[in-house]
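[1] Turn this into a structure:
(3 chains)
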Amino acid sequence: MMQKAHRGNFFEDFRLGQELVHATPRTITRGDTAVYLALYGARFPVHCSDVFARSLGYPCAPLDDWLVFHMVFGRTVADISWNAVSNLGYADGRLGAPVYPGDTVSTTSTVIGLRETSSGDTGVVYVRSVGVNQNGAMVADYVRWVMVRKRDPEAPAPDPEVPQLPLAVSADRLVVPDGVRLDGYDSAMAGSLALWDDYTVGERLDHVEGATVEQAEQMMVTRLYQNNAPVHLNAQLMKDSRFGQRLVMAGHIISVVRALSFNGLANGFRLAAINGGRHTAPVFAGDTLYAWSEVLDKATLAGRTDIGAMQVRSVATKNRSCEEYPFKNGDGRYEPSVVLDLDYTVLVPRRT
Amino acid sequence: MMQKAHRGNFFEDFRLGQELVHATPRTITRGDTAVYLALYGARFPVHCSDVFARSLGYPCAPLDDWLVFHMVFGRTVADISWNAVSNLGYADGRLGAPVYPGDTVSTTSTVIGLRETSSGDTGVVYVRSVGVNQNGAMVADYVRWVMVRKRDPEAPAPDPEVPQLPLAVSADRLVVPDGVRLDGYDSAMAGSLALWDDYTVGERLDHVEGATVEQAEQMMVTRLYQNNAPVHLNAQLMKDSRFGQRLVMAGHIISVVRALSFNGLANGFRLAAINGGRHTAPVFAGDTLYAWSEVLDKATLAGRTDIGAMQVRSVATKNRSCEEYPFKNGDGRYEPSVVLDLDYTVLVPRRT
Amino acid sequence: MMQKAHRGNFFEDFRLGQELVHATPRTITRGDTAVYLALYGARFPVHCSDVFARSLGYPCAPLDDWLVFHMVFGRTVADISWNAVSNLGYADGRLGAPVYPGDTVSTTSTVIGLRETSSGDTGVVYVRSVGVNQNGAMVADYVRWVMVRKRDPEAPAPDPEVPQLPLAVSADRLVVPDGVRLDGYDSAMAGSLALWDDYTVGERLDHVEGATVEQAEQMMVTRLYQNNAPVHLNAQLMKDSRFGQRLVMAGHIISVVRALSFNGLANGFRLAAINGGRHTAPVFAGDTLYAWSEVLDKATLAGRTDIGAMQVRSVATKNRSCEEYPFKNGDGRYEPSVVLDLDYTVLVPRRT
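    Residues are numbered from 1 along each chain as shown, chains lettered A, B, ... in the order given. Next up is the predicted model:
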């Protein structure tokens, strides 16, 4: 009899070069936007106002870039990370065509690396996932790696293969949406006068505000993305885990940080690349998140005087505010309050 | 002076044959869909993707069938079950015209049975409720019965009248949406290769996953349907009840089970009938729900080779996983962990 | 280096006559409507059904008036009340053009009064805020005053200026939406037969139902309006406040009361004015809210026989039901259970 209910893939189910077509294409709508706003309250105007977005050449307000990324990512969970022990990292991520209400995204992944861990009962799976819209245009393309349990600890290890990944996405690979011109950008209406020209490499910004995580909220957004990982959704199962409770979904933390970063990076109107990222400690319901950022690099874009790229590290903490920019201890390890170290690139209007 | 605020109908307010036109017609939108997805995360592609839905002949993704049912049901609560002690059962339910974003549903009910209980302070009310869209087309039609308090325990009992109800909706009464053809069904994109042909009567499926219920979630969905029953919404009132707390709304449990059932019944793309259902134990916030299903029957549909009907019993449990298919004890009573015994019919693509 | 992250304005940052153009215009959609319904469950049909709304001359269901008000208000928080100690009052508020899904609102405010408090470390700021849609039409216009902390307690006090405000908005200043005719109003479908003619000045109505507030809910709606006040969102910060916990956002309480008031004021189909309002005690997650109302006044509208205006006081309580209409003690102070005293004007169909 055909097996009909599944328990996800285990480490030994993955093969180098394997292609996975993930189920359940997803039409994203203004309903998703509203739920997302209710969960994060981000104030970036390009995603909040059709009028503002049209003034920049968009046909209407595009969906929040992280909402798009998480929707693309969400498709992959049932196949890639249902049995994940932890989400280890992201690299070489790019956002492509903007996604508008009514667009439908679907995702495919390719296994690009496999490495059994020394314990022998888990392995690291590297996948490149590509999300496309209904016209086949790339909307998000990224690599992630996860530690996945083996079904059978005795299963033989594959030949280890670890992909070479760029430290950061170079400026020439960043996608600026077609038809978008920032010359008429209204920075007062956007909430900050600080443009690309006003930031200095090495500058650090405390994002000031804090956001407490509620269990119902992280559950809602996990399901909104149709991520069905039990670590976020099943309290009974997690009561017996080493955490004793549900883990807050990684994507929830990232979206909270993006919303907090408005206070300091209000004009980072578009996420262009995800250069790297690590979730360095678990977050639980009831924790209050804070964030600070550092400008890692700035770049001009070929042929554009209206937009510059800015590479940013955002660090999130739990239950500790960020006036002192908590990061790593003297021994090079993360401070215990640090939960996320995220390296990404935003597009910012230039002073013209 | 005209009475303006109401406390709902009591048992003695109902008369056999009475027709109730329920207030507040409801336009259902993609916003409702997004909230519903955030609460359940169901992955049935026909409700998630306009592209997928169009490939089957739908004009766009129709609303989730249970969302439609619960919206129709929600209209009735203020008149029928505001003073209900418990929701006793459902029978002879059919889903009709698909509901699309922007459609407006309204509901009328007819009292088809009345029976005072032996205690003398409550009675059972049987109603047939019919939901229609803005064009008058039936979207859901079902019978339910509830135990309702009497305002005055001394009020005389009506002549008992208990309607005859079918054990199951026969295949010839199931509605297949106009214009829908399943020949091009992409079962890989739908998340499972198992079609109607692959299921066997008597086959049982453990749906594997669990879902913990949060108080805020059951409150939100209760209000989304504009169900105003105080047992779900008023903690102060319920603190003094025999439960000591709010009850999770029955419809919330059903929707959780439908979402869980994707893992095993992914291609049950449409709810066609609700043959019967019992909520066998209360569910409270914090409980983790699991489910398993049994195939009760299979039927072909006249003139169709692309779709078959499958009658399913889904059993939900709280705080107990379903590998062992918990159901009834030796004495014929439900296991204490069982909270729902639901008999329904789904349409499933056939191998053509 | 330009300052990029902000901690909001303090009392000494405001000047009489100052104009503030608030950031982040907001397109409000059916998604917001769905989230709002999930949080409040209000059953006023004009906001729930396109079909019902069209029968009155609206092009489709307009957004709930309080949703519009709170969205307009939400724009102002980062500039006006980020450092507020308390929201002291509202006055002279009017709702203007109806807002439809897809409309974009933005808000500007003018400082119309300033008064340092006797403590010397806070001051009261009076602002008139005006929200407009994408065509520049006024959608909400109101005065509020808040007590705001001083950054520097030694900063000199401004000359005190307290604006004169009307006790109530007069009937000739109320806006009836263009093209709306109530002659065909279906009061059965609206849930109550009680029209304007049926209410008596001085009549009191217990709204019967209660609604418990969940933390996740008040957080979600605070962010939906992009209100970033830390008193609602940051549990860690508030643990050390005199309250020991987050405060439920004022606008959440008002929307709960409006939803509860359906049971008694079902035909108050449009909020026309906010005459005054005070939040008299804090509300915390877990509290159960109740409400009662008193008809303060009735007025006809020039040239209209289909609609009358009704001035209403709604009083909300926490953890005490309202059969006895709790309000003030013998000494003129609010009963401890009273949390809101709101004076507003609704439009109600007349018997024609």
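[2] Go through stretch A:241-252 and flag the buried ones.
    Buried residues in stretch A:241-252, defined by neighbour count with 16 or more other C-beta atoms under 10 Å in any protein chain shown: A:246-252. To be clear about C-beta, it is placed using only N, CA and C from the backbone, and glycine gets the same treatment.
[3] same deal with stretch A:184-194?
    Taking 16+ other C-beta under 10 Å as the criterion, stretch A:184-194 shows A:185, A:187, A:189-192, A:194 as buried.
[4] Including distance to residue C:2, could the buried residues of stretch A:241-252 go into JSON lines?
    Listed next are the buried residues of stretch A:241-252 as JSON lines, based on distance: C-beta to C-beta, whole Å:
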{"residue": "A:246", "distance to residue C:2": "41"}
{"residue": "A:247", "distance to residue C:2": "39"}
{"residue": "A:248", "distance to residue C:2": "34"}
{"residue": "A:249", "distance to residue C:2": "35"}
{"residue": "A:250", "distance to residue C:2": "33"}
{"residue": "A:251", "distance to residue C:2": "32"}
{"residue": "A:252", "distance to residue C:2": "31"}
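[5] Go back to those and keep what's next to chain B.
    Near chain B, taking C-beta under 8 Å from any C-beta of the partner chain as the test, the members of these found are residue A:246.
[6] nearest to residue C:274, of the buried residues of stretch A:241-252?
    Nearest to residue C:274 out of the buried residues of stretch A:241-252 is residue A:252 (C-beta to C-beta; 35.7 Å).
[7] a strand runs through that closest one, doesn't it?
    No: counting by DSSP: H, G, I helix; E, B strand; the rest coil, residue A:252 is located in no strand; its state is helix.
[8] Tell me how far it lies from chain B.
    Separation of residue A:252 from chain B (C-beta to the nearest C-beta, to the nearest Å) stands at 12 Å.
[9] any idea which element the residue of the stretch 201-350 of chain A found nearest chain B lies in?
    Using C-beta to the nearest C-beta, the single residue of the stretch 201-350 of chain A nearest to chain B is residue A:223, 2.9 Å away. Assigned by DSSP states H and E, residue A:223 belongs to helix A:215-224.
[10] how far is the helix or strand that that helix is followed by from where the chain is centred?
    Sequence order places helix A:230-233 as the next helix or strand after helix A:215-224, per DSSP H and E. With C-alpha atoms, centre = their mean, to the nearest Å as the basis, helix A:230-233 stands 18 Å off its chain's centre.
[11] Also stretch A:251-268?
    11 Å.
[12] With stretch A:120-130 instead?
    With C-alpha atoms, centre = their mean, you get 17 Å for stretch A:120-130.
[13] Quick check: what element follows the helix or strand bottoming out on mean pLDDT in chain A along the chain?
    In chain A, no helix or strand scores lower on mean pLDDT, DSSP states H and E than helix A:187-190, which sits at a mean of 91. Toward the C-terminus, helix A:187-190 is succeeded by strand A:204-206 as the next helix or strand (DSSP H and E).
[14] what about the residue nearest to the residue of the stretch 201-350 of chain A closest to chain B when sequence neighbours are not counted, neighbour count?
    Spatial nearest neighbour of residue A:223, excluding adjacent residues (C-beta to C-beta, 6 or more residues apart in numbering or on different chains): residue B:41 at 2.9 Å. The number of residues packed near residue B:41 is 25, by other C-beta atoms under 10 Å in any protein chain shown.
[15] Touching, residue B:41 and residue A:229? I think so.
    No: shown here, residue B:41 and residue A:229 do not form a contact pair, counting by C-beta atoms under 8 Å, at 10.7 Å.
[16] any shared contact partners between these two?
    Both residue B:41 and residue A:229 are in contact with residue A:222, where contact means C-beta atoms under 8 Å, 6 or more residues apart in numbering or on different chains.
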